[in-house]
Structures are given as structure tokens and as C-alpha cells.
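Chemist: whatever this is, show me its structure:
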Amino acid sequence: MDRLTALNVFVTVVEQGSLTAGANQLGISRAMTSRYLAELEDWMGVRLLHRTTRRMSLTGPGEEFLRHARSMLALGEEMELISARAEGVPKGLLRVTCSYSLAEAFLVPAINDYLKQWPGAAIDVLVIDRAINLVEERIDLAIRITNDLDPNLIARRLGYCRSVVCASPEYLKISGEPHQVQGLALHNCLTYSYFGKSLWSFNGPDGPESVPVSGKLSGNISNLLLEAALLGTGITMQPLYSARPYLQRGELVQLLQDYEPALLGIYGVYSNRKQMSPLLRSFIDYLVEKMSADPLWRSPDGQTF
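Modeler: Okay, here's the model as predicted:
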């Protein structure tokens, strides 16, 4: 039995909450996952998990073993980094998390180009539209769009995210077009659960201005709200990188063009629990270079970082 792999399977199953979810996260079959756990329990000589058809929980020894398993996996990662740091060549596995919309518009194409340049590297992407605990999920790098950074993490600005307020021609034909920011309060605004759900902020001709918004549809994925806007459901505030193709084709109409929605930073965020590997440093440098070369990721005044 590959004991490090078995430890990884055990920790992943516990963190994901079930055998099936753990197997999906690891990309192996449920049967293989169950076999690793059984062999690990045979090796330890104790039961680590209570497993039924409906739920799974840690035993007393399992709770203690989980702490040691996480420590051993962290040590294993450090040992793998020793040779990589000595050679200074980006190689190994990098775990990255990112929102769905940014992964689709930027991260996946960037990863494709990066892996062609560094064939010894591998990247595992967790797509999720909310902040997660990097240490618990064993994430090396989170790409976050925010102006509210966690002071306990290290962050490097990669670029900027501009937003636009837009709606479909069909919606505007029926409901009319707001010409002032405060007019948004009278419309069906599609709100995003994790950012600006009830208050949209702008920089306008007379300075900063905010408006309380509400509507009949909210969601935790911005692309869902984009699809709803295309169907004529309401007005949405979207990242420019998501809305631009539809604006160019006339499927969406940009509103309130004299008012710039609050500018957000795009950051590469990582934990300071261990020394940065050549792979992580190289990948962050690459993302900075990639964004700085494209006007889409610059601030309105052209600043890149």
C-alpha cells in the first residue's frame, strides 16, 4: 500500500464528507477509495471511520489520526519541494482555486499556455465562487476578486476587475432604462450572493455614489445571473470580462456609462505556512505578466499593478 496516497485519500474523504465526494475530488473510483481506507485501517489496527449508507463520522482514534495525517502530508509536500527548490525549476503539483467566471475567461487558457512552457508542472483547479480555507483544503493559490483581503494571508495583485451594469434589449423595452444610479432601486436587479448583494457602488461625475438594489433573483454564481440577464430577467452587474462578448454582439446593453462600478483587485493569495516553491512563484509571475499584457485587466487609468 502507498501509505502517503492512503493518507491523502483518508483526509480528502473526511474533508469532503463522504466516500463518493472524496473519490470525485481525487479522480478515482469509489471502490478504490474504500479499498485505500480499509487497508489504512488494517495497517493502523483500529477503525478510523464509522460508515453507514447514510452518513460517515470519525471514530475517537480517527480524530487523533486525522491531525497526524495532515501533518504527514504537509511534511511530504515539503520533502518534494526540497529538490524542486534546489533545481529552481517549476515542477510538481499546484492546487489552485478560482471563481467559475474567471476560470473560464482567464485561468484555463493561462494554464494551458503555462503547462506548455513547463511540462514538469501539473495544476489541479478547484472552481468555487466563495472564499475557502486554504490550509484546510490544501490549496496552494487562490485567485480572488476582492478589495477585502484576509490579513492572515499573503496576496499579490495580478490585475484589476472592471464591472459593467447591463441588461438585455428585451428587458429595457418592457421596463425602461435607468439614467441615474438611484433609478436602479426601481428595477429588478439580479444580485450576487457573495458581493454587493444589496448595495451597488459607483464612481460618477460627482464622486462616489451607492444605491440599494433588490430583485426577484439572486445567486452564488455570477454566470447564472449573466444567463438570466440574457433571457431578459433583469439588470445585472457583471465583470467586464464576462459581459464584453455579449455587449459587442448587442445581446446586452451597457447602462449608466457615466458611472464606473467600484473597481476590484484581482489577487493571487497564498498561505504563509510554508516557503514558496519555485512552481508557485513561477506561476504567480506568469499570471502577472499575462494580465499586464492585456488591457482588459487594467484599471481605467491604464494601471496594471
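Chemist: rest of the way, CA atoms for contacts and neighbours
Modeler: Noted.
Chemist: who's in contact with Trp297?
Modeler: By Cα atoms under 8 Å, 6 or more residues apart in numbering, the residues touching Trp297 are Gly159, Tyr160, Cys161, Arg162, Met291, Thr304.
Chemist: one more time with 7 Å, if that's ok
Modeler: By Cα atoms under 7 Å, 6 or more residues apart in numbering, the contact list for Trp297 reads Gly159, Tyr160, Cys161, Met291.
Chemist: and what of Arg95?
Modeler: Arg95 neighbours (Cα under 7 Å, 6+ apart): Ile123, Asp124, Val125, Ile139, Asp140, Leu141.
Chemist: SS state for it?
Modeler: strand (DSSP: H, G, I helix; E, B strand; the rest coil).
Chemist: tell me which stretches of the stretch 101-250 of the chain form helices.
Modeler: Secondary structure of the stretch 101-250 of the chain (DSSP state H, counting those that start in this stretch): helices at 108-117, 169-175, 222-230, 240-248.
Chemist: quick check: mean pLDDT of the shortest one?
Modeler: Put plainly, it is helix 169-175. What helix 169-175 shows for mean pLDDT is 97.
Chemist: buried ones in stretch 160-171, by neighbour count?
Modeler: Along stretch 160-171, these residues count as buried under the neighbour rule (16 or more other Cα atoms under 10 Å): Tyr160, Cys161, Arg162, Ser163, Val164, Val165, Cys166, Ala167, Ser168, Pro169, Glu170, Tyr171.
Chemist: same check on stretch 242-260?
Modeler: Residues of stretch 242-260 classed as buried: 242-244, 246-247, 251-256, 259-260 (neighbour count, 16+ other Cα under 10 Å).
Chemist: can you put those in TSV and add pLDDT?
Modeler: As requested, the buried residues of stretch 242-260 are arranged in TSV below (pLDDT from 0 to 100):
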residue	pLDDT
Ser242	96
Ala243	97
Arg244	96
Tyr246	97
Leu247	97
Glu251	98
Leu252	98
Val253	98
Gln254	97
Leu255	97
Leu256	96
Tyr259	95
Glu260	94
